[in-house]
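Chemist: the following block contains a protein sequence and its predicted model.
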Amino acid sequence: MKVTLSVIKADIGSLVGHHVVHPEQIRVASEKLKKAKEAGLLIDYHVTNVGDDLQLIMTHAKGIDSEEVHGLAWDTFTEVTEKVSKKLKLYAAGQDLLATAFSGNLKGMGPGIAEAEFEERISEPVIVFMADKTEPGAWNLPLYKIFADPFNTAGLVIDESLHEGFTFRVMDVYEDKVVDLHAPEELYDLLALIGTTGRYVIQSVFRRKDSLLAAVASTARLSLIAGKYVGKDDPVMFIRAQHGLPAVGEVLETFAFPHLVAGWMRGSHNGPLMPVSIKYAKCTRFDGPPRVGSLGFQLNEGKLVGPEDMFDDPAFDRAREIANKAADYIRRHGPFMPARLGPEEMEYTTLKIVLKKLESRFRLTR
Ligand code: F6R
Ligand code: MG
Ligand code: MG
């Protein structure tokens, strides 16, 4: 059967600053999705959070960009904002709801979306990744390692069915354009783009031999939509695994290295992406360090069997320890680059205002 998996998220206010979603927000959102399931719009759903982002994981048969499903997500976010975030005076209530009203599709309206329609395989393991205090480019390195690096993914060498490689659809988030690049033969071109994580973002990955969809990520950049800093985009993605795709363990392996990502305090700093269980998916130190949580499901005729909390495992303790060491190290740079992001990334923050203020005081040196 064909199933659509829609992971839609938004930061619509949180408990103690930008720390964590309030349980009441999860309760009200779950209630809303429960009704949609009873009414037959959704096949199944799971509501969770990573840090201050409320995550709606939904399956249905309506295809991508469905007005009904996107409308349901929008209504859920607005209802939770009104009934809970505002009522409890949670911090930054309704923050990511940039549009004033829903207009058929969530694109460009604030919430992040990773969504795809696909034929459910005989057995369909899917892993949803959700990050807080970072941006969509944070997925570039892990997606590259999972689908193109044999040092991470043994199957690229050992499993005949992965041998032809994968196609990466890369989006230029400034120009709203995409380009398909084929691994392994275009690896260097691919890396030349996706190393620029603030601009070139992997949107999806396909298996080359049959174009089977392997991964989908959210690509919206709130600052580019709003023209100013409105919080980092805190991206989501999901990856299908096993049986001719990277194994679950190969997908998770890349997160044993807590790579540096843009985000953290005020969306303006580089910091390590720390893999954590959902229990610890709440940012503290310097509003971070940036975190990634991960839930695994088996799809069963669209039903979400699970979830399994994939980073709830001592096997990732060392990654967390390295992340804490990296956090100590980079924090000591304070407001200096490369701890603070470069000027092109600071364009949507106060840097612009500071420059404007000083404009008349800048003198030529000769
Ligand atoms: C980062 C983030 C936080 C805030 C910071 C300041 O994505 O959301 O680090 O930028 O806490 O928040 P305000 O300006 O709301 O006090
Ligand atoms: Mg927030
Ligand atoms: Mg967030």
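Modeler: All right, it came through fine. Ligands and ions are numbered 1, 2, ... in the order given.

Chemist: distance check, the nearest residue to residue 208 once chain neighbours are set aside against residue 212.
Modeler: With sequence-adjacent residues excluded and distances taken as CB to CB, 6 or more residues apart in numbering, residue 208 is closest to residue 164, at 4.6 Å. (Each C-beta comes from the backbone N, C-alpha and C, glycine too.) Residue 164 sits 11 Å away from residue 212, going by CB to CB, to the nearest Å.

Chemist: which stretches of the stretch 251-366 of the chain have low pLDDT?
Modeler: 347-348 (pLDDT under 70).

Chemist: tell me how far residue 339 lies from ligand 1.
Modeler: 14 Å (CB to the nearest ligand atom, to the nearest Å).

Chemist: which residues does residue 119 contact?
Modeler: 1-3 (CB atoms under 8 Å, 6 or more residues apart in numbering).

Chemist: how does it look with 7 Å?
Modeler: For residue 119, the contact set (CB atoms under 7 Å, 6 or more residues apart in numbering) comprises residue 2.

Chemist: cool, and the one 5 residues further on?
Modeler: For residue 124, the contacting residues are 240, 298-299, by CB under 7 Å, 6+ apart.

Chemist: now residue 345
Modeler: With CB under 7 Å, 6+ apart, residue 345 has these contacts: 198, 262.

Chemist: can you report how many residues lie near residue 250?
Modeler: Using other CB atoms under 10 Å, residue 250 has 23 neighbouring residues.

Chemist: doesn't residue 180 belong to a strand?
Modeler: Yes. Residue state for residue 180 (DSSP: H, G, I helix; E, B strand; the rest coil) corresponds to a strand.

Chemist: helices of the protein, residue ranges please.
Modeler: Under the criterion DSSP state H, the chain contains helices at 23-38, 67-80, 140-148, 155-158, 187-194, 222-226, 248-253, 317-331, 343-346, 351-358.

Chemist: do you know which of these lies nearest ligand 1?
Modeler: helix 222-226 (9.6 Å; CB to the nearest ligand atom).

Chemist: quick check, the residue in the stretch 151-300 of the chain closest to ligand 1?
Modeler: Closest point on the stretch 151-300 of the chain to ligand 1, by CB to the nearest ligand atom, is residue 287, at 3.5 Å.

Chemist: give me the neighbour count for that residue.
Modeler: Around residue 287 there are 22 residues (other CB under 10 Å).

Chemist: if I look at it, how far off is ligand 3?
Modeler: Distance, residue 287 to ligand 3, using CB to the ion, to the nearest Å: 9 Å.

Chemist: so what's that residue closest to, chain neighbours aside?
Modeler: Using CB to CB, 6+ apart, the closest residue to residue 287 is residue 265 (4.7 Å).

Chemist: ok, now which ones touch the one you found?
Modeler: By CB under 7 Å, 6+ apart, the neighbours of residue 265 are 286-288.

Chemist: and residue 205, by the same measure?
Modeler: Contacts of residue 205 by CB under 7 Å, 6+ apart are 143, 147, 166-168, 214-215.

Chemist: can you pull the pLDDT of it?
Modeler: Predicted confidence (pLDDT) for residue 205: 98.

Chemist: leaving out the residues flanking it, which one is nearest to it?
Modeler: The nearest residue in space to residue 205 (CB to CB, 6+ apart) is residue 215, at 4.2 Å.

Chemist: could I get the contacting residues of that neighbour?
Modeler: 143, 204-205, 237-239.

Chemist: apply 8 Å and report the result again.
Modeler: 143, 146-147, 202, 204-205, 237-240.

Chemist: ok, for residue 91, nearest residue in space, not its chain neighbours?
Modeler: residue 17 (5.1 Å).

Chemist: number of nearby residues for that neighbour?
Modeler: For residue 17, the count of nearby residues is 13 (other CB under 10 Å).

Chemist: local confidence estimate at it?
Modeler: Looking at residue 17, the pLDDT reads 97.

Chemist: same question, the one 3 residues further on
Modeler: Per-residue pLDDT puts residue 20 at 98.

Chemist: which strand residues bridge it?
Modeler: residue 15 (DSSP bridges).

Chemist: and it, what does it touch?
Modeler: Contacts of residue 20 (CB under 8 Å, 6+ apart): 14, 49, 51-52, 281-282.

Chemist: burial check on the residue nearest to residue 57 when sequence neighbours are not counted, number of neighbours?
Modeler: In this structure, residue 57 finds its nearest non-sequential neighbour in residue 46, 4.4 Å apart by CB to CB, 6+ apart. Residues lying near residue 46 (other CB under 10 Å) number 18.
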